[in-house]
Structure formats: structure tokens, C-alpha cells
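Enquirer: sequence? don't have it. structure:
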Ligand code: PMP
């Protein structure tokens, strides 16, 4: 199989699995228990927290382990909003947040919170002047992703942090697609809260974290004694140890980013050469190294994915969570892309396991399958 769906999830690294197995079999005691095995589990939890803090540039007390990014996103927005001053009742999201996060935005709006959305430009970048106009003194918090999961476009976190700070608002950043692919330091990133998820950087699924700047007013949403009262529930110790191991394996992310970007660029150049009807979104703006979001003329994404499947290539149509539906991507819609073009969107996302051979095979095998379909499409086009 050629796996080109790393933005949906990544394979767990062998060293991650090796770190987790002894925890699953031996360190199963409850880390809140007072007995010896419980204390041992507690020490492992502390060690993992220390490793996460070291790699991500935060303090250990700023790490709150969660079940993944969706939970971290929800608890950040609800927890920061609940703690905001009563005159700050407005929440600002970008229009291109992850589908699950936009559901939270809708739920907040339905419950009476005033929710505003930051627009994006046609090239996929955030509309900063519009953001400046929307972020005012009545805003409790701004929630913005660091990188978009569909287009890979990077968002101007530092600039939005400055706007939020000037307005006295909090900033939450969903860095799920960013961490592990681009250099990241919590202490200097400008956000008050940052979400991440282990399965996007070769860690296990079902575990992530919210990094919450020390001293930030926050009201817990899941009550219990764990995580200093900020997130109740017995910790998923094996998952947490796996998350820490995956972060430890990252090393200098810019080296891997350069390797993956050059494979992605080669793939895009090869596809355009062989199939001139290929259109690539966000190619001219800063984006994640492994993401390519494209369409082949207006060939239906289902047809393309079927051909890819036949070749043993795993790819996706935009966000995995919403694929299979017939609605055009909300991200492309926000960029002003017409529905018929958006419905042809295919996302190829490369990662640590992608090789030059993967790219060469795809370039050798896919164009001959798509060329006749594109010629047919041109013949029937009005
Ligand atoms: N935010 C973004 C930007 C994502 O890409 C994803 C995963 N598709 C999530 C949040 C949700 O992460 P999780 O699966 O850990 O809940």
C-alpha cells in the first residue's frame, strides 16, 4: 500500500508501540492510588509529562492530557469562555476550523453565545484586516487552527495573537496538524491554549493534550481530581507514554519537513506535467510540507479515489471525518471555490513513512488511468 493520508492519521512508530506495551501489561495500576504500583504509574505519568513539556517548550504543569484534539478543543473554548469576564461574551472562530470544532461553534451560537467567523482569502490565507476588525474588547476568545487539515495552509498565529492580546482576549490554537510537522515552542507561540493529538505525529490514537498557559483563568469542563482538577478521569497512561515517545522521536522537525516538502513538490510537478488539467489549491501560500490538495479537471473525487484504491493508494477527499458526504468542503467554500470544483477535491498527504519510491510509483501509474477520463471529460464539457 502507498499511504497518502497522513493528515487523517499516521502509523504508530515501532518505538512508540515498544514504549507502550510494558505500560499496558505492567503499569496498569491507577496512578491516583496510594499503593506501590499506583505510585509507580504516577511516576511514569510524571516522566511523560516532563518529556512532553521539554519537547513542546512549556512547563509540566501546563500540560493537560486529554483523549485527543477534539476534546482539547472543546475544553479550551468552553473552559476559557466560562472563565472570561461577564462583558466578554463574543467568541471568534475561523471559517476553516476542523469540522468537529465548527460544530462546537454552532452549538455555542444555538445556546445564545455570539459567535463570529474570521474569513479567508481566495488563496486560502486568513483575511487579517477582517480579523483585526472582528477582534474587539467584547471578545472572550479567538480560536484559530495553526494549519488547515485540508489545504495545509498555515495560519498567521503570531499576528492573531497580537490582535487578541491588544483586545484583552484569549487565544486558543488548534495545532493538531502543525505539531510534528513544523517547529513549535509553546512559551513563545503567543497562544494561551494549544491543542494537539498524538495520532497525527506517529503516536497512538485516543490521546492528546491541551497546553494551558500557567495562570490563565480556566473553568474545568470534566470534573474530577486528575490533571490538577482541570480534566477528571483516570489517565490513559499507555497512550500518554506513547504520546511522549512520539514527541521524543521527532528530533529536528525541519529536516523531515524539508524531505517531505521536496517529495510533495516532485509529486505535484509530475502530476501537472502528465495531466495539465491538474489544479492545486494553496500552492503559492505557506503550507504544511506534506499536504497536496488538488483536483484533476472536474473529475469526480469518487472516480479518482476509486482509481487510487485500485493502485493500492490510500488517499482522501478533504477531511476524513466528512468524506463520503456529498457536501463540498467548507474550507474550499470559504475560499470561494465553486461547488463543482470543490466536489472534485482530492487530498494527498505525505508523511514520515512516505518514500521517493512511493512518489515515483504514483507518478508512473496514476496519469495513464486518469488521462482517458480527462479526455472524455473535455469532449463532453460544454
Ligand atoms: N483538529 C484538526 C485540525 C484535525 O485535523 C483533527 C483530526 N482530523 C482534529 C482536530 C481532531 O483530532 P482528534 O482525532 O484527536 O480528536
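Expert: Alright, I've got the coordinates. Everything numeric here is computed off the predicted structure, so don't read it as measured data. Numbering: from 1, shown residues only.
Enquirer: name the element residue 88 belongs to?
Expert: For residue 88, there is no host helix or strand (DSSP states H and E).
Enquirer: how much space between the nearest residue to it once chain neighbours are set aside and the ligand?
Expert: Nearest residue to residue 88, sequence neighbours excluded (Cβ to Cβ, 6 or more residues apart in numbering): residue 140, at 4.0 Å. (Each C-beta comes from the backbone N, C-alpha and C, glycine too.) In this structure, residue 140 and the ligand are 21 Å apart, going by Cβ to the nearest ligand atom, to the nearest Å.
Enquirer: equivalent analysis for residue 232, please.
Expert: Taking Cβ to the nearest ligand atom, one finds residue 232 at 18 Å from the ligand.
Enquirer: likewise for residue 135?
Expert: 21 Å.
Enquirer: my guess is that residue meets residue 93, correct?
Expert: No. Counting by Cβ atoms under 8 Å, residue 135 sits too far from residue 93 to count as a contact (11.7 Å).
Enquirer: now the common contact residues for those two.
Expert: residue 142 (Cβ atoms under 8 Å, 6 or more residues apart in numbering).
Enquirer: for whichever residue of the chain sits closest to the ligand, grab phi and psi.
Expert: Closest to the ligand within the chain is residue 68: 2.7 Å, counting by Cβ to the nearest ligand atom. Main-chain dihedrals, residue 68, degrees, to the nearest 10: phi 140, psi -170.
Enquirer: got the contact list for it?
Expert: 197-199, 205-208.
Enquirer: okay, buried residues for the longest helix anywhere in the chain please.
Expert: Secondary structure of the chain per DSSP state H: the longest helix is helix 356-380. Neighbour counts over helix 356-380 (16 or more other Cβ atoms under 10 Å) mark 358-359, 362-363, 365-367, 370, 373-374, 377 as buried.
Enquirer: quick one: the helices in the stretch 251-382 of the chain, in order.
Expert: Ranges of helices within the stretch 251-382 of the chain are 253-274, 301-310, 330-334, 339-342, 356-380, based on DSSP state H, counting those that start in this stretch.
Enquirer: related to what we said a few turns ago, does the residue nearest to residue 88 sit in a helix, a strand or a coil?
Expert: Here residue 140 is recorded as strand under DSSP: H, G, I helix; E, B strand; the rest coil.
Enquirer: about what we covered before: in TSV, list the helices of the stretch 251-382 of the chain along with distance to residue 188.
Expert: Shown next, in TSV, are these (distance: least, Cβ to Cβ, whole Å):
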stretch	distance to residue 188
helix 253-274	16
helix 301-310	39
helix 330-334	28
helix 339-342	36
helix 356-380	35
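Enquirer: between the two ends of stretch 273-284, how far is it?
Expert: 18 Å (Cα to Cα, to the nearest Å).
Enquirer: no, scratch that, I was asking about stretch 25-45
Expert: End-to-end for stretch 25-45, by Cα to Cα: 15 Å.
Enquirer: quick one: contacts of that stretch?
Expert: 23, 225-226, 234-235, 237-238, 240-241.
Enquirer: residues from the protein in reach of the ligand?
Expert: 68-70, 98, 100, 145, 149, 174, 176-177, 197, 208, 321 (Cβ under 6 Å from any ligand atom).
Enquirer: residues contacting residue 355?
Expert: residue 263.
Enquirer: backbone dihedrals for the closest residue to residue 154 other than its chain neighbours, both of them.
Expert: Closest residue to residue 154 apart from its sequence neighbours, by Cβ to Cβ, 6+ apart: residue 286 at 4.5 Å. The phi/psi pair for residue 286 (degrees, to the nearest 10) reads phi -60, psi 130.
Enquirer: distance check, residue 286 against residue 199.
Expert: Residue 286 is 24 Å from residue 199, where distance means Cβ to Cβ, to the nearest Å.
Enquirer: higher neighbour count, these two?
Expert: residue 199 (23 against 14; other Cβ atoms under 10 Å).
Enquirer: doesn't the more buried one fall inside a helix?
Expert: Yes. Residue 199 forms part of a helix when assessed by three-state DSSP.
Enquirer: list the residues that contact it.
Expert: Per Cβ under 8 Å, 6+ apart, neighbours of residue 199: 9-10, 12, 68, 205-207.
Enquirer: out of the residues you listed, which are inside helices?
Expert: Going by DSSP H, the helices hold none of the contacts of residue 199.
Enquirer: would you list the buried entries among these?
Expert: Judged by 16+ other Cβ under 10 Å, buried ones among the contacts of residue 199: 9-10, 12, 68, 205, 207.
Enquirer: how about the residues you listed in a markdown table, adding pLDDT?
Expert: Below are those laid out as a markdown table (pLDDT from 0 to 100):
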| residue | pLDDT |
| --- | --- |
| 9 | 98 |
| 10 | 98 |
| 12 | 98 |
| 68 | 98 |
| 205 | 98 |
| 207 | 98 |
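Enquirer: find the nearest non-adjacent residue to residue 239, please.
Expert: Nearest to residue 239 is residue 207, by Cβ to Cβ, 6+ apart, at 3.3 Å.
Enquirer: look up how far residue 165 lies from that neighbour.
Expert: Residue 207 is 31 Å from residue 165, by Cβ to Cβ.
Enquirer: how far is the strand or helix carrying residue 43 from where the chain is centred?
Expert: Take DSSP H and E as the rule and residue 43 turns out to sit in helix 36-56. Chain-centre distance of helix 36-56: 25 Å, with Cα atoms, centre = their mean, to the nearest Å.
Enquirer: pLDDT on that helix, on average?
Expert: Averaged over helix 36-56, pLDDT sits at 98.
Enquirer: list the buried ones in that helix?
Expert: Neighbour-count burial for helix 36-56 [16+ other Cβ under 10 Å]: 41-42, 44-45, 48-49, 51-53, 55-56.
Enquirer: and for whatever helix or strand comes next after it, what's in contact with it?
Expert: Using DSSP H and E, the helix or strand that follows helix 36-56 in sequence is strand 63-66. Strand 63-66 is contacted by residues 49, 52-53, 56, 72, 75, 195, 207-212, 227-228, 230-231, 235-236, 240, 243 when judged by Cβ under 8 Å, 6+ apart.
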